[in-house]
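Participant: Fold the following, please.
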Amino acid sequence: MTDETAEPVEQLESAGSMESQEYTKSSDGRDVQDFVQDDYYADGHTFLKVREFVTAIFLWFILLAPIFILINSLAPTPIWPWLYHWDWSDGWDLSVYITIGTAIGFVVVLAFSIYFLVRNNIFEKHVYPSRKNYDYDSMLKRKAVLEAMYAERFGPDEERVSAMYYAVEGEQNIPEDLVDKLFDEGGCPIR
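Facilitator: Have a look, this model is predicted:
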């Protein structure tokens with residue numbers, strides 16, 4: 001173990017058990033920062049799973065009960081006899097109000113959807129193609145930096161383009177932070 005990884009592992013060992021440590025490692029063994037772990041999907045935690053399940057069923061009941069009562073009451077005879085059923089005269093005003101509100105809501109949502117669809121299509125066809133979403137000079141600098149790195153690691157452009165097959169040596173693999181460092185040194189950082 002190197003000195004770089006020794007400190008986070010020591011912190012993990014002091015923070016919890018071996019079970020919590022395996023959740024803080026990525027598949028390649030590196031420490032994962034800000035990793036969210038959900039005990040619901042871990043082994044055990046039966047009370048948590050039962051509590052979440054009962055809460056979800058209860059909230060679905062709260063959401064669906066008024067809809068079922070409305071459907072049951074709009075029917076000439078109750079569909080579900082154990083569920084509340086109002087008389088037609090009692091619920092007529094409410095059902096008209098709900099129908100009008102739903103229709104108005106549908107029309108408003110439909111109008112906004114069509115407006116944003118047309119607006120997006122106009123932007124996609126006419127505005128975005130003529131607009132540059134990047135700094136062209138920085139892009140040229142980055143391209144030159146990458147070209148120089150490719151030429152240094154893999155040979156001149158003519159050889160790379162004309163090669164039908166090329167085996168990359170292990171030492172030629174590009175480290176994760178190399179491109180960011182090259183861009184920083186070249187005066188065209190990404191961030």
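Participant: C-alpha only now, for contacts and for neighbours.
Facilitator: Fine.
Participant: Distance from the biggest helix by length in the chain to the middle of the chain?
Facilitator: The longest helix of the chain (DSSP state H) is helix 88-122. Between the centre of helix 88-122 and the centre of its chain there are 29 Å (Cα atoms, centre = their mean, to the nearest Å).
Participant: ok, now stretch 117-132?
Facilitator: Worked out by Cα atoms, centre = their mean, stretch 117-132 lies 25 Å from the chain centre.
Participant: and it, how far apart are its ends?
Facilitator: Terminal residues of stretch 117-132 lie 22 Å apart, using Cα to Cα, to the nearest Å.
Participant: what does stretch 74-93 give?
Facilitator: Using Cα to Cα, the end-to-end distance of stretch 74-93 comes to 12 Å.
Participant: Repeat that for stretch 71-87.
Facilitator: First-to-last distance for stretch 71-87 - Cα to Cα - comes to 13 Å.
Participant: pLDDT weak spots in this protein?
Facilitator: Residue ranges of the chain with pLDDT under 70: 1-36, 88-91, 191.
Participant: what domains does the record give for it?
Facilitator: Domain ranges of the chain: 3-37, 46-129, 136-185, per automatic domain parsing.
Participant: Mind putting these into CSV with mean neighbour count?
Facilitator: Formatted as CSV, those follow (neighbours: other Cα atoms under 10 Å):
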stretch, mean neighbour count
domain 3-37, 11
domain 46-129, 13
domain 136-185, 12
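Participant: Provide the backbone phi and psi angles at the closest residue to L182 other than its chain neighbours.
Facilitator: Spatially, and ignoring its direct neighbours in sequence, L182 is nearest to V145 (6.9 Å; Cα to Cα, 6 or more residues apart in numbering). Backbone torsions for V145, taken as degrees, to the nearest 10, come to phi -60, psi -40.
Participant: mind listing what V145 touches?
Facilitator: Contacts here follow Cα atoms under 8 Å, 6 or more residues apart in numbering; on that basis V145 touches 182-183, 186.
Participant: could you list every residue that touches D180?
Facilitator: Counting by Cα under 8 Å, 6+ apart, D180 makes contact with 189-190.
Participant: doesn't it fall inside a helix?
Facilitator: Yes - applying DSSP: H, G, I helix; E, B strand; the rest coil, one finds D180 inside a helix.
Participant: I'd like the distance between it and F53.
Facilitator: From D180 to F53 the distance is 46 Å (Cα to Cα).
Participant: Over to A167?
Facilitator: 54 Å.
Participant: Look at A167 and give its secondary structure.
Facilitator: Per three-state DSSP, A167 ends up coil.
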